[in-house]
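**Student:** Fold the following and give me the result.
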Amino acid sequence: MKKFTCLRVILAMSAMASVLSGRAVEEKLIILDEGMWQADNGRVSYIEDGSVVSNSWFRDVNGYKLGDTPNDIIQINDNLIAISVNWSNIIQFITPEGKAVAATENVPNNRRLASDGRYVYVSSYGHECETVNGTVKFTKGYVAKIDINDFRVVATCEVGYEPEGIALYDGHLFIANTGGYAFQEDHEYERTVDIIDAATMRKVNSIDTGVINLYGTMSQSGQYLCINSPGDYYDIDAAGIIFDCRKALDGDPQPFVVMPYACTYNCTTTDGSFLAIGSRYSYYTGEYTFNYLTIDPGLCIESGGAEGIENRLPGTMVNDIMSMTSPYGIYQNPYTGMFYATDAGSFAGAGVLHQWDPQGNYIGKNGLYINPGHFLALKPDSWNSGVGTIVATPASPDDDNAIYDLLGRRVATPKKGGIYISNGKKFICR
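**Tutor:** Residues are numbered from 1 along each chain as shown. Predicted structure coming up:
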């Protein structure tokens, strides 16, 4: 039996009590609609309790448009959110109410974001960056470090060509490099995950995964990353990688497992697993093929990929997603457990948001804007209003330390990264 040390974090439970008692939950969801590349029509959709409040939320709040091709969104702290607007070369900072408070254009061709609450880290395909020490130029791509006190770039680090996914673990940044411009520039596809000391912004290692073009969504569950590789769309097949950041920092020569499945659109679940919709495209046939995965990253790493990978999604999600025209994103709300996926349709018209309950039972859909693909859930209003009563009964009167998942089901062995309840308190299993 696995044993994990669980770090108990006392958090407000009123919203969770609502889930467990069947009352309506407070869903707050921000979705980035990429729009059409070079059309300068990116938007932000805002959802509350399963209904669309606005499909032009940023413009409604601020009176002007967001920009061209928003590419990522993260919450920095309780009062600040960052959005990378790729083709406008803007990193926009807003409050959870949608109010724009700052922006920087110092990181051109910005891609993905990570934050430790004090700094924002952003990957860039570009070759120069304006910093507090002047303009810095790069042969390949780079990562920029932005101080949220003044929203200026205080440091940079060159990485591989066209770096994409970025994650922060134990004071280090993990960067998935694509080399995605290989078809038009004088370099090959990249195969590496670069590791940067976030404090010094110096590269400390580069892990060769043996898999090219580490492109697209990269999800994080504690020490584990889920990385997609679309291959070259011709002779090199798409694949997925489960990467163990802890093993990489400890010097393990191969801290990853390569899976023969695409992980094009992936997300982290409340129990620490990964869900993935894999989309494979071939220029030879002009066709897409799909796979649908639930991945236990710890078991996958421990077994070398022999276990922990299942061709399924919760409930009816696989059949529901198979009916979509162009799946474009998948997400689970970490506060309520609700699942979401988007359908981009023709990639030129309105997209659709689909919703499922925490068991994967279909709830309904809403119309969004063009190419909706990036999600951020906000805390429900009642999240900080006090500790509620957990509607879950221990097995025996003296079993006060019983552990339950977010649905009130007793758990014998909690998983790393999972969110659980015990003695009326919420904790994350470390």
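**Student:** which parts of stretch 226-235 are buried?
**Tutor:** For stretch 226-235, the neighbour count (16 or more other C-beta atoms under 10 Å) marks Cys226, Ile227, Asn228, Ser229, Pro230, Gly231 as buried. To be clear about C-beta, it is placed using only N, CA and C from the backbone, and glycine gets the same treatment.
**Student:** Tell me how the protein divides into domains.
**Tutor:** As recorded under automatic domain parsing, the domains making up the chain are 1-26+395-430, 29-394.
**Student:** Give me whichever of those is most buried.
**Tutor:** Stretch with highest mean neighbour count among those: domain 29-394 (a mean of 19; mean count of other C-beta atoms under 10 Å).
**Student:** Alpha carbons only: can I get whichever strand or helix holds Asn266 in CSV?
**Tutor:** Here Asn266 sits within strand 265-268, counting by DSSP states H and E. Extracted C-alpha coordinates of strand 265-268, given in CSV (Å, rounded to 0.1, in the frame of the first residue of the first chain):
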residue,chain,number,x,y,z
TYR,A,265,-5.6,18.6,-25.1
ASN,A,266,-5.0,17.6,-21.5
CYS,A,267,-5.8,18.7,-18.0
THR,A,268,-5.2,17.8,-14.3
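**Student:** Tell me which stretches of the stretch 251-400 of the chain form helices.
**Tutor:** 297-302, 317-322 (DSSP state H, counting those that start in this stretch).
**Student:** So Ile76 is in contact with Ser115, correct?
**Tutor:** Yes - counting by C-beta atoms under 8 Å, Ile76 does reach Ser115; the two are 4.6 Å apart.
**Student:** which neighbours do these two share?
**Tutor:** Jointly contacting Ile76 and Ser115 under the rule C-beta atoms under 8 Å, 6 or more residues apart in numbering are Ala82.
**Student:** shaky segments in the chain?
**Tutor:** The chain contains residues with pLDDT under 70 at 1-25, 383-401, 404-413, 415-421, 423-428, 430.
**Student:** ok, 90 please
**Tutor:** Low-confidence segments of the chain, defined by pLDDT under 90: 1-26, 380-430.
**Student:** Report the central residue of it.
**Tutor:** Ser219 (4.5 Å; C-alpha atoms, centre = their mean).
**Student:** Surely that residue forms part of a helix?
**Tutor:** No - the assignment for Ser219 (DSSP: H, G, I helix; E, B strand; the rest coil) gives strand, which keeps it out of a helix.
**Student:** Give the bridge partners for Asn291, please.
**Tutor:** Gly278 (DSSP bridges).
**Student:** Restrict stretch 85-96 to CA atoms and write it as CSV.
**Tutor:** C-alpha atoms of stretch 85-96 as CSV (Å, rounded to 0.1, in the frame of the first residue of the first chain):
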residue,chain,number,x,y,z
VAL,A,85,-1.9,37.5,-26.0
ASN,A,86,0.5,35.9,-28.4
TRP,A,87,0.2,37.7,-31.7
SER,A,88,-0.4,41.1,-30.1
ASN,A,89,2.9,40.6,-28.1
ILE,A,90,1.0,41.6,-24.9
ILE,A,91,0.9,40.0,-21.5
GLN,A,92,-2.3,41.4,-20.0
PHE,A,93,-2.9,41.6,-16.2
ILE,A,94,-6.4,41.7,-14.9
THR,A,95,-8.3,41.3,-11.6
PRO,A,96,-10.7,38.4,-11.0
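**Student:** Among the buried residues of stretch 226-235, find me the one that's closest to Thr200.
**Tutor:** Of all these, Thr200 sits closest to Ile227, with 24.4 Å by C-beta to C-beta.
**Student:** Excluding chain neighbours, what is closest to the closest one?
**Tutor:** Spatially, and ignoring its direct neighbours in sequence, Ile227 is nearest to Ile241 (4.2 Å; C-beta to C-beta, 6 or more residues apart in numbering).
**Student:** who's in contact with that neighbour?
**Tutor:** 209, 211, 214, 225-229, 256-259, 263 are the contacts of Ile241 under C-beta under 8 Å, 6+ apart.
**Student:** give me that answer again for 6 Å
**Tutor:** Listed by C-beta atoms under 6 Å, 6 or more residues apart in numbering, the contact partners of Ile241 are Thr209, Ile227, Phe256, Val258.
**Student:** So it: helix, strand or coil?
**Tutor:** Ile241 ends up strand, using three-state DSSP.
**Student:** Val61 now?
**Tutor:** Three-state call for Val61 (three-state DSSP): helix.
**Student:** you'd agree it is up against Ala100?
**Tutor:** No - counting by C-beta atoms under 6 Å, Val61 stays clear of Ala100, with 7.6 Å between them.
**Student:** measure Thr95 to Asn133 for me?
**Tutor:** Separation of Thr95 from Asn133 (C-beta to C-beta, to the nearest Å): 30 Å.
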